[in-house]
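Asker: no FASTA, just this:
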């Protein structure tokens, strides 16, 4: 059980709100929340009122003095005001002391409406901070309470668009080159894009109607006339040039000129390749599916790949694309992008065939662990079987493990190896507890 204390001067308002949100958003079967003050000022009725407006009842809460909790081994202590931070007593067992302070709404002046508004402002700041702490500290979550439910029809299209793009991300980027019947070229990026079939080789991207003005783009117009395009991938070295191509240029002006990217002749279609892109996919457009006639509506452009051009500089010694060499960019919500190379790119092999151990068959000490993370259990559940105990003894011989098999200590050591992505060693350590 994790023990988490929120501390302020009088345990009247700010610490009570933080206590309430931590209890609401956390899984209280795994974490115990306390709040206290250096002094006790009683529960502020305005704090009760503004939390009730947000669906949380704290009318039964009490104002507690910190001395009540001195004998409890706290894992976290969060001070929410400077006075409490300066006078916080020492808790020897504390893993982490946190200070995020807030102004005291009880000191607000003005009309009753203005004072309540200040309580609401502080409440919202505390709520946001609680959600951040749950994420940063990986506190156990009550999933029923942390999720916000949204019906699409309740939002403006632009707002819904950002929720969709922020959720369905990162997305690959189709950098689409087209040509019209008069030889005018167009180059534009689309992140509503993916591969949908290998046989036949099918890529699909969507050219959406503009929300403002409800107009369509040159890419769609050109494709409807020629039934051809080239999809070029975007790596880090051309991402800024790609962004120039998202500007809305007049039809007779080419994005190639403004971005400085180089045209090259394709072999199967009339639209040009982007020379600097590491992979170019020449495509025949087999269908365009219109999804609506209002701003934001998409046109699914279904592309059959006729020819691929792959730079040999992005291939490994087995003639496969190396993710670090190709260094692709992905689109996220708003103005955010992700670079798909470096230490955050990881191989996660998983057998697709039964048998596997399965979550429900993991040992009780693992299922009930407060130290191991969900991903650790997921890895163990996906294994074919546990290694032989004799193998685990041999593999861990030089690790200087505690002679007494303490579940907590072994779990902590295994967790360190999981963090290093040394899954085999972590597995062997945990397996010693199965004997």
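Answerer: That came through, no problem. Predicted model, so just to flag it, every value in this text is computed and none were measured. Numbering: from 1, shown residues only.
Asker: buried residues of the lowest-mean-pLDDT helix or strand in the chain, list them for me.
Answerer: When each helix and strand of the chain is scored by mean pLDDT, DSSP states H and E, helix 82-87 comes last, with a mean of 82. Neighbour counts over helix 82-87 (16 or more other Cβ atoms under 10 Å) mark 83-85 as buried. Using the backbone N, CA and C atoms, a C-beta is placed for each residue, glycine as well.
Asker: for beta bridges, what are the partners of residue 4?
Answerer: With DSSP bridges as the criterion, residue 4 is bridged to residue 33, residue 76.
Asker: the chain should start at 65 in everything you say after this.
Answerer: In the new count, where the first residue is 65, that last one comes out as residue 68.
Asker: in contact with it, which residues?
Answerer: Each residue near residue 68 by Cβ atoms under 8 Å, 6 or more residues apart in numbering is listed here: 86, 95-98, 138-142, 203.
Asker: ok, residue 497 next?
Answerer: 427, 429, 469, 471, 474.
Asker: which parts of the stretch 315-464 of the chain are strands?
Answerer: Counting by DSSP state E, counting those that start in this stretch, the stretch 315-464 of the chain has strands at residues 327-328, 337-338, 343-354, 363-374, 392-395, 401-404.
Asker: I'd like to know which elements the fourth one is packed against.
Answerer: Counting contacts by 3 or more Cβ pairs under 8 Å, 6 or more residues apart in numbering; DSSP states H and E, strand 363-374 packs against strand 265-270, helix 282-290, strand 292-296, strand 343-354.
Asker: quick check: residue 102 touching residue 149?
Answerer: No - look at residue 102 against residue 149 with Cβ atoms under 8 Å: they stay out of range, at 10.1 Å.
Asker: looking at the strands of the stretch 315-464 of the chain, which is buried most?
Answerer: The highest mean neighbour count among those, using mean count of other Cβ atoms under 10 Å, belongs to strand 337-338: a mean of 24.
Asker: other SSEs contacting it?
Answerer: Under the contact definition 3+ Cβ pairs under 8 Å, 6+ apart, strand 337-338 sits against strand 238-243, strand 292-296, strand 327-328, strand 343-354.
Asker: let's have those in TSV, adding mean pLDDT and distance to residue 360.
Answerer: Shown next, in TSV, are those (pLDDT from 0 to 100; distance: least, Cβ to Cβ, whole Å):
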stretch	mean pLDDT	distance to residue 360
strand 238-243	98	18
strand 292-296	98	22
strand 327-328	98	31
strand 343-354	98	13
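Asker: residue 280 is nearest to which of those strands?
Answerer: strand 343-354 (10.0 Å; Cβ to Cβ).
Asker: who does the closest one pair up with?
Answerer: In the sheet, strand 343-354 lines up against strand 292-296 (antiparallel), strand 363-374 (antiparallel) (DSSP bridges).
Asker: and those as JSON lines, adding distance to residue 408?
Answerer: Below are those laid out as JSON lines (distance: least, Cβ to Cβ, whole Å):
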{"stretch": "strand 292-296", "distance to residue 408": "24"}
{"stretch": "strand 363-374", "distance to residue 408": "24"}
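Asker: can you say which of those is nearest to residue 399?
Answerer: Using Cβ to Cβ, these put strand 292-296 closest to residue 399, at 21.5 Å.
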